[in-house]
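>>> Have a look at this prediction, sequence included:
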Amino acid sequence: MTVRVRFPPAPSGELHVGNVRTAIFNWLFARRHGGTFILRIEDTDQARVVPGALESILEALRWLGLDWDEGPDIGGPHGPYVQSQRLQHYHRYAEQLVEAGYAYPCYCSPERLDEVRKEQQQRKLPPKYDRRCRELTEAQRREFVAQGIAPVVRFKTPADGETVLHDLIRGDVVFDNDTLDDFVLVRADGFPVYHLASVVDDHEMQVTHVMRGDDWLSSTPRHVLLYAALGWQPPAFAHLPMILGPDRAKLSKRHGDTSVLEFREHGFLPEALFNFLGLLGWSLDDHTEIIDRETFIRHFDLDRVLKSPATFNFDKLTWMNGVYIRSLPAEELAQRVQPFLERAIGREVDRDALRRIVPLVQERIKLLTEIADMADFFFVEGELDYSAETLLGKKWADDPAGAAQALGLVIARIDHLSLWEHEPLEAAIRPLAEELGVKAGDLFGLVRVAVTGKTAAPPLFQTMEVLGRQKTLERLRSAEGRLHSRAG
RNA sequence: GGCGCAUUCGUCUAGCGGCCCAGGACGCCGCCCUCUCAAGGCGGAGAUCGCGGGUUCGAAUCCCGCAUGCGCCA
């Protein structure tokens, strides 16, 4: 049997990291077993459909490198892959269920259902439909039809017995049928409810494994019952542990920036997010943390999926992102970082210049966005923005004249260097510290602020090399000048 | 309220009866390297394995209760 799995997002908002972990596990399972990964759009709840959401979901999946074999945009042998375009399928089976006595039309008004529910709550009973329309006579039914009441279709849940769910991750889970409701299959507006639509689609699309969040576990007995009533073989079920926010509640938009595309905006690499999410609820062994896509595919399986939920650990993701950034070829990192830098400084940057800068910052950034803070000074024209206090630091705070003199000497030493590279630069400047009777670090610190405007920056001499003779000297003279005017 | 699921360092996890008075990773702390910041190296603190009963020569690992958390149903 060849594996067929699906990922069914609702186009009601952006794809968030909790959902996408489910997509990753499904994708991995399909790729591991040479199976098919199906993308299906569950938009039967039309009121919740958000314009543009579908496109952004597809974009997020593509960004993470999750490709699908059948789906709304590419079609496939079991299309269409959008539920709102499949209504006739659901109606056909709903009718079949009614005719076979497994379902019935219900004409109860929302008001009546509300009253029933309230009364049950008062009597501390579980809220359940009281099944009043289950045994309507033909005459009563005709009467409702004559009144023009649009019915919902309800499933006739067995009053007793139990339904067993064989879950690949949690084992057998048993539900008493009397705790189940006569749930709605088709709403009054003719749209099917999730349970019907997903069962029908999973069957017609020949899905072999339903892997979804744990939050669906409680509704699965309904699905099992539906499969039986329709005379179908149910797929295998695997309920994945959920991802929690810092407050240990199911991760959602409420927890802030949880959308996949927002992670992209914040400078995370797709391969890092993929790695991190793939390790939430699954592990390769007792020590491997950095796992590339191919290794995931080679080893992923359900037997190492955990049962317990996992809290999303932002710090670890950030660390992992740094690992991936450091492992990138410089050329590639330059390419990835370019849009973030351009956005920060507000103009285009030259790729060749960036290529020379990247090696200096590569092991200093954990997020692509950090390129801005780390390298913007390379692109500043004219004066750098820093205070005299920053320039002088602790060492020179009481001796601006000394600092000015030191800068003057630095300038004199490097002004006419024949080779403007970091080694000769260092060879020219380092001995000066001893001559001045100051620690090398103190002299370098002064020069660093003069050249970069920052106290924390990439290595000084390489920075000077990349910055170039002209800009470096300009900045040193500017700093010297500021100190003179301050001292004077 | 009913039903269901889960419970190992702060967090992600290893562990499937003796190798564990519990291993790895993130984070935290210290030291080293060092021109700052990082990266890297070394070391440290951190879990009576939710609690209580069993079973067993022996339990984080098996069984039963309880507690707590979460989810679903409206």
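Received the coordinates, thanks.
>>> Just the buried positions in stretch A:412-424, please.
A:Ile414, A:Trp420, A:His422 (16 or more other Cβ atoms under 10 Å). (Each C-beta comes from the backbone N, C-alpha and C, glycine too.)
>>> Quick one: low-confidence residue ranges for chain A.
A:486-488 (pLDDT under 70).
>>> between the buried residues of stretch A:412-424, which is closest to A:Glu480?
Nearest to A:Glu480, judged by Cβ to Cβ, of the buried residues of stretch A:412-424 is A:Ile414 at 13.0 Å.
>>> ok, now how distant is the closest one from RNA strand B?
14 Å (Cβ to the nearest atom of the strand, to the nearest Å).
>>> ok now do that residue, which residues does it touch?
Residues in contact with A:Ile414 (Cβ atoms under 8 Å, 6 or more residues apart in numbering) are A:Leu425, A:Ala428, A:Ile429, A:Thr472, A:Leu473.
>>> The residues you listed also near RNA strand B: which ones?
Contacts with RNA strand B are made by none of the contacts of A:Ile414, judged by Cβ under 7 Å from any atom of the strand.
>>> Highest neighbour count among those residues?
Neighbour counts for those (other Cβ atoms under 10 Å) peak at A:Leu425, which has 24 neighbours.
>>> Show me what secondary structure element comes after the host helix or strand of it.
Here A:Leu425 is covered by helix A:422-436, with elements defined by DSSP states H and E. Downstream of helix A:422-436, the next assigned helix or strand under DSSP H and E is helix A:440-452.
>>> to the chain's geometric centre, what's the distance from the helix or strand following that next one?
Next helix or strand after helix A:440-452 toward the C-terminus (DSSP H and E): helix A:460-467. Helix A:460-467 sits 37 Å away from the centroid of its parent chain (Cα atoms, centre = their mean, to the nearest Å).
>>> hmm, who's touching the helix or strand following helix A:460-467?
Next helix or strand after helix A:460-467 toward the C-terminus (DSSP H and E): helix A:469-487. Contact with helix A:469-487 is made by A:383-384, A:388, A:391-392, A:400-401, A:403-404, A:407-408, A:410-411, A:414-415, A:417, A:420, A:447, A:449-451, A:464, A:467, as judged by Cβ under 8 Å, 6+ apart.
>>> Buried members of the residues you listed into PyMOL, please.
In PyMOL, selecting the buried portion of the contacts of helix A:469-487, with burial taken from 16+ other Cβ under 10 Å, looks like this:
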select buried, chain A and resi 384+388+391+392+400+403+404+407+410+411+414+420+447+449+450+451+464+467
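>>> mind listing which of the contacts of helix A:469-487 are in helices?
A:388, A:391-392, A:400-401, A:403-404, A:407-408, A:410-411, A:414, A:447, A:449-451, A:464, A:467 (DSSP state H).
>>> And for A:Glu331, the neighbour number?
For A:Glu331, the count of nearby residues is 12 (other Cβ under 10 Å).
>>> which residues does it contact?
A:Arg355.
>>> tell me which element it is part of?
Element membership for A:Glu331, per DSSP H and E: helix A:330-345.
>>> got a list of contacts for the host helix or strand of A:Asp315?
Element membership of A:Asp315, judged by DSSP H and E, is helix A:314-327. Helix A:314-327 is contacted from outside by A:267-269, A:271-273, A:275-276, A:289-290, A:333, A:362-363, A:365-368, using Cβ under 8 Å, 6+ apart.
>>> Go again with 6 Å.
With Cβ atoms under 6 Å, 6 or more residues apart in numbering as the test, helix A:314-327 has contacts from A:Phe268, A:Leu269, A:Glu271, A:Ala272, A:Asn275, A:Phe276, A:Ile290, A:Glu363, A:Lys366.
>>> restrict those residues to contacts with RNA strand B.
Near RNA strand B, by the rule Cβ under 7 Å from any atom of the strand, you find A:Glu363, A:Lys366 out of the contacts of helix A:314-327.
>>> What is the burial count for A:Glu135?
By the criterion of other Cβ under 10 Å, A:Glu135 has 8 neighbours.
>>> And the helix holding A:Asp315, how far out from the chain middle?
For helix A:314-327, the distance to the chain centre is 15 Å (Cα atoms, centre = their mean).
>>> buried ones in it?
A:Leu317, A:Thr318, A:Met320, A:Asn321, A:Gly322, A:Tyr324, A:Ile325.
>>> could you pick out which of those are near RNA strand B?
Checking the buried residues of helix A:314-327 against RNA strand B (Cβ under 7 Å from any atom of the strand), the matches are A:Thr318, A:Gly322.
>>> closest to RNA strand B among the buried residues of helix A:314-327?
Of all these, RNA strand B sits closest to A:Gly322, with 6.0 Å by Cβ to the nearest atom of the strand.
>>> quick one: the closest one from A:Gln88, how far?
Look at A:Gly322 and A:Gln88: by Cβ to Cβ, to the nearest Å, they are 52 Å apart.
>>> Kindly report the same for A:Ala334.
Distance, A:Ala334 to A:Gln88, by Cβ to Cβ: 53 Å.
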